[in-house]
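# Build me a model from this:
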Amino acid sequence: MAYDSSAGFDLPSGSNRSPDAAWILKNRIRALRPEQREEYMEICPDFVVELRSSSDRLTDLRAKMQEYLACGAQLGWLIDPLEKQVWIYRPGQAVEALDEPLTVSAEPLMPGFVLDLGPIWNPQV
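So this is what the prediction gives:
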């Protein structure tokens, strides 16, 4: 199931987070009790995306990404349109930094999902 920034999650760390985009395996959603599916779902997404805005501090966003991993996320993308960079977060692996990639893939977690970064790097006015 896919979620936008209006969805909120109560993470096992105790934090309440609303990533810019998130995805959770359907079987994990189905396993939640009804009270865990309320305003802030009591679950950490499997995949999270944070998109840096001009008011965001990069150090704060990096800390959020590490928190998602510590709480069970399997994949995270921190996309910085200001510097045209993407950082890919995976558990147990070093953060992968990409400079001006044209696309980024969510393989193997989300087979076939590839994000075209062109519209993010060069938004139409």
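
# helices or strands up against the lowest-mean-pLDDT helix or strand in the chain?
Within the chain, no helix or strand scores below strand 40-41, which has a mean of 88 by mean pLDDT, DSSP states H and E. Under the contact definition 3 or more CB pairs under 8 Å, 6 or more residues apart in numbering; DSSP states H and E, strand 40-41 sits against strand 8-10. C-beta here means a position set from N, CA and C on the backbone, and glycine is covered the same way.

# Report the mean per-residue pLDDT for the strand it packs on.
Strand 8-10 shows a mean pLDDT of 93.

# hey, where'd the strands end up in the chain?
Under the criterion DSSP state E, the chain carries strands at the ranges 2-4, 8-10, 16-17, 21-23, 40-41, 47-51, 75-80, 85-89, 96-99, 103-105, 114-116.

# got the contact list for the closest residue to Asp46 other than its chain neighbours?
Once flanking residues are discounted, Asp46 sits nearest to Gln74: 4.9 Å by CB to CB, 6 or more residues apart in numbering. The neighbourhood of Gln74, defined by CB atoms under 8 Å, 6 or more residues apart in numbering, consists of Asp46, Phe47, Arg90, Pro91, Leu109.

# Let me know the closest of these to Glu100.
Set against Glu100, the nearest of these by CB to CB is Arg90 (20.8 Å).

# Surely that closest one is in contact with Tyr68?
No: between Arg90 and Tyr68 there is no contact under CB atoms under 8 Å: 11.0 Å.

# if I look at these two, which residues touch both of them?
Common neighbours of Arg90 and Tyr68, counting by CB under 8 Å, 6+ apart, are Gly76.

# neighbour count winner among those two?
The neighbour count for Arg90 versus Tyr68, taken as other CB atoms under 10 Å, is higher for Tyr68 (29 against 14).

# Let me see the contact set for the spatially most central residue of the chain.
By CA atoms, centre = their mean, the chain has its centre lying nearest to Val48, at 1.6 Å. Neighbouring residues of Val48 by CB under 8 Å, 6+ apart: Pro19, Ala21, Ala22, Met65, Tyr68, Ala73, Leu75, Gly76, Trp77.

# Tell me the most packed of those, by neighbour count.
Tyr68 (29 neighbours).
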